[in-house]
Structure formats: structure tokens, C-alpha cells
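quick one: sequence and predicted model below, then my questions.
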Amino acid sequence: MFMYMSSTPIESDIVFSGRRSATYRDALHLFPDAWLDDVAAMRRFLQPIYGRHVLEIGAGNGHFSRAIAEDVGPAGLLVATDPSTEQLEDLEVESGGRIRVFGQAAHMLDLPIRDFDMAWSRGAVHHISDKTAAWKAIAAHMRPGGKLVIADIFAGTRLAAYFDDFIAQSCCTGHEVSFLSREFATSLCALTGWDKPQFTDVTTRWRFDTKASLGHFLRLLFSATEIFTDDDCLVAAERHLDIVSDGNGIALLWPMTVMETTKLPTAN
């Protein structure tokens, strides 16, 4: 059995612990099909084929980790990192060793495993306090030509406004973060050994039977404090984002930006 390793991240990096960790886990347990589109988008851009070694940054509750490990198969490896491994406790055992878990923040990443073929992060980069250090640390763990795919909220978008306007007020831990711009992400890559990135706007559908279910999911996912109801969370999403009819139910349209780049052969 593998053991967790930690670089003792600073306290401000450990966001998903305690109540927030529990409600996040409950949201995806109660609505396991909500993010099927997001998993499909991960596979479209990352393409974690059989035998690849993949580094995941900010693995959260392991929702994408399990899908990646399935794709790389027994000949591959997924290393899932997160400042808090509270939600990842059973992941290594469940995977039979194809997933290894390390409690490390991205900007202080120092793993005993190197030369990854690809790296993936979804919805975590805006929490990273030192993105320059993180880009450098990820590059240090990649083989030349290794692929980095980041799916996140970018500055100036409707989704960023939703987080700044409502999630920052309602979330039990607050949401003081730093959203990337395409310009700064391009500069980060130039300064830290990555090729010029490509950006793609991607809108996935979070599917639910009813709007009431969507409101409940959002309240759990973002761990709203007791003064905010399911309906409050639904109304805020409707104010900033689009909710459409989707077959027999409804879907929240979730617009993110995907950044793709590769490690330059000359990078250290």
C-alpha cells in the first residue's frame, strides 16, 4: 500500500477540508452524472491513452482521477496531487496502485516521480497562490514534449463574475482567488519553459432532472453557509449563467477555458 506524502502546504492552500470537503463530496455522490460532459471534455483535450503517465494538479475528490486511471490502464500511472487529501483517502487502494496520491500544493510540488507524459488540472488553478512557481514545478516533473492541459475559469468571463459576485459571499470558506487571463497564462508559459499555449472556450452541460436538484447541487458543491438556501443558489446561477431544457430535464451551461501547451525540449 502506498503512503501519502506531503510538503506541508501553507494553511491558505488547504481549501477543501472539513465542511467544504464533505459537502463537495456529497454533491457528486448525490448527482454522479452531473459532470459527464466534463469528463468527456477532459478526454477530448488530454487524451490519456493506455500506458501514459499522468500528473493531476488539484485532484479534489478524485472525480477525474478515476476516469484518467481507467483510460491509462494497468500499464499507465496517475499521480493525483492536492493540498488536502481528505477526499482522496481511498483512491490508491481502489485503483490497485494505478493511482498514487500526494498531499502537495502545486507551487511547492516535489514528487519522487518525474518524466510525466501529460499533466491535467480542472478548476484548481484559480486557487493557486503562486502560479509562476506552479508552472515551473509542473515543468520540472514533465518529460520534454509533455503536454499540459488546464481547464479553468478565466478572468473577465461570466463564470468569473458568478464566482466573484455570489460564491465569494456564500461559500463557507470564502472564495478569494486569482483568475488567469489568456495574456498572463501566455507569459507564464514563456517564462517557465512551455510552448505558446492554445486556448479553447468550452461549455459543458451539468444535467439535472429539475431546477430544484440543480439548486441543491450548487449549494452542496460550493458549500454555502446556512443563510443561503437551495433557491438562493439557483437564482444566482440564473443571474449569471444559462439554464436550458435538456431532454427530460434541465442543464446548467458551464463555460470554461481550456489551455493546452507542451514542455519545450530545451527547458530544464
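Received, thanks.

where does the stretch 1-150 of the chain dip in pLDDT?
Within the stretch 1-150 of the chain, the stretches with pLDDT under 70 are 1-17.

can you give me the strands in it?
5-6, 53-57, 77-81, 99-103, 116-122, 142-152 (DSSP state E, counting those that start in this stretch).

JSON lines please, covering the ones you listed and showing distance to Asp33 and mean neighbour count.
Glycine gets a C-beta too; all of them are placed from N, C-alpha and C. Compiled in JSON lines, those are given as follows (distance: least, Cβ to Cβ, whole Å; neighbours: other Cβ atoms under 10 Å):
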{"stretch": "strand 5-6", "distance to Asp33": "33", "mean neighbour count": "14"}
{"stretch": "strand 53-57", "distance to Asp33": "21", "mean neighbour count": "25"}
{"stretch": "strand 77-81", "distance to Asp33": "22", "mean neighbour count": "25"}
{"stretch": "strand 99-103", "distance to Asp33": "22", "mean neighbour count": "22"}
{"stretch": "strand 116-122", "distance to Asp33": "17", "mean neighbour count": "24"}
{"stretch": "strand 142-152", "distance to Asp33": "19", "mean neighbour count": "21"}
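
can I get the ones you listed in JSON lines with distance to Ala251?
Listed next are these as JSON lines, based on distance: least, Cβ to Cβ, whole Å:
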{"stretch": "strand 5-6", "distance to Ala251": "38"}
{"stretch": "strand 53-57", "distance to Ala251": "26"}
{"stretch": "strand 77-81", "distance to Ala251": "28"}
{"stretch": "strand 99-103", "distance to Ala251": "30"}
{"stretch": "strand 116-122", "distance to Ala251": "19"}
{"stretch": "strand 142-152", "distance to Ala251": "18"}
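
among those, which is nearest Ser213?
Taking Cβ to Cβ, strand 116-122 is the member of the strands of the stretch 1-150 of the chain nearest to Ser213, at 22.3 Å.

walk me through which strands the closest one pairs with, and which way each runs.
strand 53-57 (parallel), strand 142-152 (parallel) (DSSP bridges).

would JSON lines of these with distance to Ile227 be doable?
As requested, those are exported to JSON lines (distance: least, Cβ to Cβ, whole Å):
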{"stretch": "strand 53-57", "distance to Ile227": "33"}
{"stretch": "strand 142-152", "distance to Ile227": "28"}
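
for burial, what's the neighbour tally of Asp209?
Residues near Asp209, counting by other Cβ atoms under 10 Å, number 12.

again with Met259
When neighbours are counted by other Cβ under 10 Å, Met259 comes out with 24.

go on, the one 4 residues further on?
By other Cβ under 10 Å, the residues close to Lys263 number 25.

that one touches Arg143, doesn't it?
Yes: using Cβ atoms under 8 Å, Lys263 is in contact with Arg143, at 7.1 Å.

for the longest strand seen in the chain, buried residues please.
For the chain, the strand reaching the highest residue count under DSSP state E is reported as strand 249-262. Neighbour-count burial for strand 249-262, counted by 16 or more other Cβ atoms under 10 Å, picks out 250-262.

quick one, that strand and strand 116-122 angle?
Here strand 249-262 runs at an angle of 140 degrees relative to strand 116-122 (axes from the mean of the first three to the mean of the last three Cα atoms, to 10 degrees).

what helices or strands is strand 249-262 leaning on?
With contacts taken as 3 or more Cβ pairs under 8 Å, 6 or more residues apart in numbering; DSSP states H and E, strand 249-262 sits against helix 36-46, strand 142-152, helix 158-162, helix 182-191, strand 198-208, helix 211-221, strand 242-246.

convert the C-alpha atoms of that strand to PDB, please.
Extracted C-alpha coordinates of strand 249-262, given in PDB (Å, rounded to 0.1, in the frame of the first residue of the first chain):
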ATOM      1  CA  GLY A 249     -34.600  17.700 -17.600                       C
ATOM      2  CA  ILE A 250     -32.600  20.800 -17.500                       C
ATOM      3  CA  ALA A 251     -28.900  21.700 -17.900                       C
ATOM      4  CA  LEU A 252     -26.700  24.500 -16.500                       C
ATOM      5  CA  LEU A 253     -24.300  25.600 -19.200                       C
ATOM      6  CA  TRP A 254     -20.800  25.800 -17.600                       C
ATOM      7  CA  PRO A 255     -18.400  27.900 -19.700                       C
ATOM      8  CA  MET A 256     -14.700  27.300 -19.000                       C
ATOM      9  CA  THR A 257     -11.500  27.900 -20.900                       C
ATOM     10  CA  VAL A 258      -9.100  25.100 -21.800                       C
ATOM     11  CA  MET A 259      -5.400  25.900 -22.100                       C
ATOM     12  CA  GLU A 260      -3.100  23.500 -23.900                       C
ATOM     13  CA  THR A 261       0.700  23.700 -24.100                       C
ATOM     14  CA  THR A 262       3.800  21.400 -24.200                       C
END
